[in-house]
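> From the sequence below, what's the structure:
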Amino acid sequence: MAATQLRVLVTHNQVHPVVMDRLTGIGVRVDLMEGPITEEVLVRELQRAPTHAILMRGNPPLTSKVIEAGSTIKVIAKQGVGVDTLDLAAAAKQGVVVTTAGDANSGAVAELTMAFLLALRREVMRLNNRMRAGYWDRPTYQGQELLGQTLGVIGLGRIGRRVAHLAQCFGMRVITLARSSLDTNLGIDAVSLPQLLSEADVVSLHCPLTSENRGFMNKATFALMKPGALLINTARGALINEKDLAVALSEGKLAGAALDVLSVEPTGPDNPLFSAPNLIFTPHIGSETAASIERTARRAAENIVAVLTGTAVEPECLLVGRDCTPS
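All right, here's what the predicted structure looks like:
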């Protein structure tokens, strides 16, 4: 009897050519998904045919119910790094290896963060709009430099460290939340959250979303921030209470904010942030450069191949599971 062909399910209707080349090169069948991807749709798809790997694009609801429905799943490979919609405990319980793209998109997200920081601090959007309206503000404009200002980085992982390094190149002092594993060679001061908020001219979020930090940037924490400070979020939208941020911007407590992520994506016209001043939006494109997309796609495919063929996964990509030999 012929061996069952291994199947990879992609939670998107498109996949990068490097994924198809790598997976079909080892004889794997790749199936794409169309339409809204809900828990019900995922369960039905996993019950339709044995699935040995999921290539996780976007943020589909990979709940415990979904994972249990895929009894043959060996690996879930994220094409990126965010896995807050994936039940890691359920994956671990079922012996499913979970991988991310490691450092593959860190540079792209860090670059967007710095683009936000420069655009906000030098008021690029406001001045652009004024110019288009016929104003010439050079005689009265006085901007601010990054040199000598303080950046508070919340989440000193791969992206956070890159942002910190880039900020230091601009002459900024960088502070982060105190933790025992902080490398003293980074030149970053470790402080408490209240101290970070009160000292930082710019607060930049780079932490994963958890049940503990959901909405932690809110009215109370905004009240602790330095008057005229900036807030940047290229991590997860639900870290911020958006109604409270809209108020803080409208009342002038914060001088500006830039968000690549929102609590609901795509967002609707009723989002209170649309009426807030001094705010820059982008549609969750921090990692969406041509080079970054190819790197994350290639890394996700390589992680799947490694697990399905019983070879080692790069340590920086392993999130759940250490035994990568399929049973």
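> who are the neighbours in contact with the spatially closest residue to residue 253 that is not a sequence neighbour?
Leaving aside its chain neighbours, residue 253 sits nearest to residue 222 (5.8 Å; criterion: Cβ to Cβ, 6 or more residues apart in numbering). For glycine as for every other residue, the C-beta is placed from the backbone atoms N, C-alpha and C. Contacts for residue 222 (Cβ atoms under 8 Å, 6 or more residues apart in numbering) come out as 244, 245, 248, 253, 254.
> count of neighbours near residue 142?
As a burial measure, residue 142 scores 4 neighbours (other Cβ atoms under 10 Å).
> Got phi/psi on it?
phi -140, psi 110 (degrees, to the nearest 10).
> Do you know the pLDDT at it?
pLDDT, residue 142: 94.
> Distance check, it against residue 279.
Using Cβ to Cβ, to the nearest Å, we find residue 142 at a distance of 22 Å from residue 279.
> again with residue 52
Applying Cβ to Cβ, the value for residue 52 to residue 279 is 44 Å.
> just for the protein, where's the confidence low?
By pLDDT under 70, the low-scoring segments of the chain are 1-3, 180, 322-327.
> residue ranges of the helices in it, please?
17-24, 39-48, 64-69, 88-93, 106-121, 124-132, 158-169, 193-199, 219-224, 242-250, 290-309 (DSSP state H).
> Report the residue ranges of every domain in the protein.
Domain segmentation of the chain under automatic domain parsing yields 7-104+290-320, 106-281.
> quick one: the longest one to chain centroid distance?
It stands for domain 106-281. Centre-to-centre, domain 106-281 and its host chain are 15 Å apart (Cα atoms, centre = their mean, to the nearest Å).
> now swap in the first one and tell me
The chain centroid and the centroid of domain 7-104+290-320 are separated by 17 Å, computed with Cα atoms, centre = their mean.
> Endpoints of that domain, how far apart?
Terminal residues of domain 7-104+290-320 lie 21 Å apart, using Cα to Cα, to the nearest Å.
> Quick check: closest non-adjacent residue to the residue nearest the centre of the chain.
By Cα atoms, centre = their mean, the chain has its centre lying nearest to residue 235, at 4.1 Å. Of all residues not flanking residue 235 in the chain, residue 205 sits nearest, at 4.6 Å (Cβ to Cβ, 6+ apart).
> Surely the one you found touches residue 230?
No: between residue 205 and residue 230 there is no contact under Cβ atoms under 8 Å: 11.7 Å.
> Run a quick neighbour tally on the nearest residue to residue 123 once chain neighbours are set aside.
Leaving aside its sequence neighbours, residue 123 sits nearest to residue 143 (Cβ to Cβ, 6+ apart; 6.5 Å). By the measure other Cβ under 10 Å, the count of residues near residue 143 is 9.
> How about the one 4 residues further on?
Using other Cβ under 10 Å as the criterion, residue 147 is surrounded by 8 other residues.
> same question, residue 170
Close neighbours of residue 170, defined as other Cβ under 10 Å, add up to 16.
> same thing with residue 217?
Residue 217 has 24 neighbours, counted by other Cβ under 10 Å.
> In contact with it, which residues?
For residue 217, the contact set (Cβ under 8 Å, 6+ apart) comprises 203, 205, 231, 233, 239, 240, 241, 244, 245.
> what is it paired to in the beta sheet?
Judged by DSSP bridges, the bridge partners of residue 217 are residue 240.
> Okay, it and residue 103: tell me how far apart.
As for residue 217, its distance to residue 103 is 26 Å (criterion: Cβ to Cβ).
> Also residue 204?
For residue 204, the distance to residue 103 (Cβ to Cβ) stands at 18 Å.
> ok, now residue 218?
Computed as Cβ to Cβ, the residue 218 to residue 103 distance reads 31 Å.
> cool, residue 317 as well?
Applying Cβ to Cβ, the value for residue 317 to residue 103 is 9 Å.
> now swap in residue 294 and tell me
For residue 294 relative to residue 103 (Cβ to Cβ), the value is 14 Å.
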